[in-house]
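Chemist: Sequence plus the predicted model coming up.
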Amino acid sequence: MFKNVLLTLDLNTKASWEKALPQALELVTASKGTLHVMSVVPDLGTPMVESFFPSDFESKAIAAASAALDGLVKANVPQGVSVKQHLAFGNIHHKVLEAIEETQCDLVVMASHKPDSVREFLIGSNADRVVRRSPISVLVVRA
């Protein structure tokens, strides 16, 4: 049984959680474990790109993501389920891998969108990166 499940989601894409969240809930409910819900606000990549955004962009993006995560958890996680929220800012797959260590979870649940061959070839997917580097099992739910 999985006692600590890390669910990663993209707050801007309902498809990233509408199928993965029920799977994660089923697992933690069966084991009476803890659901760790995580979202990552992606960084802008380079200082040059960052220079085009307002100086308070990061703090506003994190505040908006925090409010959205709170709302999503309150609306979709039933009472009685032990849940902890995690919000990070930076490189998505790096932050997920860090959260695996920090939460001591024993399973990651994440959604993966239908592959776009050009995008996959050029930059790959975060789900793929997590699966290849994770020290624990990863359940990838097709969104």
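Modeler: Great, that's in hand. Numbering: from 1, shown residues only.
Chemist: Only C-alpha atoms from now on, for both contacts and neighbour counts.
Modeler: Noted.
Chemist: Low-confidence bits of this structure, can you list those?
Modeler: Residue ranges of the chain with pLDDT under 70: 114-124.
Chemist: what's across from the most centrally placed residue in it in the sheet?
Modeler: Nearest to the mean C-alpha position of the chain, counting by Cα atoms, centre = their mean, stands T8 at 2.1 Å. Per DSSP bridges, the residues bridged to T8 are M38, M110.
Chemist: Next: P42.
Modeler: G90.
Chemist: Was I right to think it contacts K95?
Modeler: No - taking Cα atoms under 8 Å as the contact criterion, P42 and K95 are not neighbours in contact, 9.6 Å apart.
Chemist: Now do the shared contacts for those two.
Modeler: F89 (Cα atoms under 8 Å, 6 or more residues apart in numbering).
Chemist: What segments of this protein are strands?
Modeler: Along the chain, counting by DSSP state E, strands occupy 4-9, 34-42, 82-90, 107-112, 137-142.
Chemist: Now render these as JSON lines, adding distance to E18.
Modeler: Converted to JSON lines, the strands of the chain look like this (distance: least, Cα to Cα, whole Å):
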{"stretch": "strand 4-9", "distance to E18": "9"}
{"stretch": "strand 34-42", "distance to E18": "13"}
{"stretch": "strand 82-90", "distance to E18": "17"}
{"stretch": "strand 107-112", "distance to E18": "9"}
{"stretch": "strand 137-142", "distance to E18": "10"}
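Chemist: Just name the most buried of those strands.
Modeler: Mean neighbours per residue, mean count of other Cα atoms under 10 Å, is largest over those for strand 4-9, with a mean of 25.
Chemist: Report the inter-axis angle for that one versus strand 82-90.
Modeler: 50 degrees (axes from the mean of the first three to the mean of the last three Cα atoms, to 10 degrees).
Chemist: what comes into contact with strand 4-9?
Modeler: Outside strand 4-9, the residues that reach it (Cα under 8 Å, 6+ apart) are 16-17, 20-21, 24, 27-28, 33-40, 96, 100, 103-111.
Chemist: rerun that using 6 Å as the cut-off
Modeler: 16-17, 33-39, 105-110 (Cα atoms under 6 Å, 6 or more residues apart in numbering).
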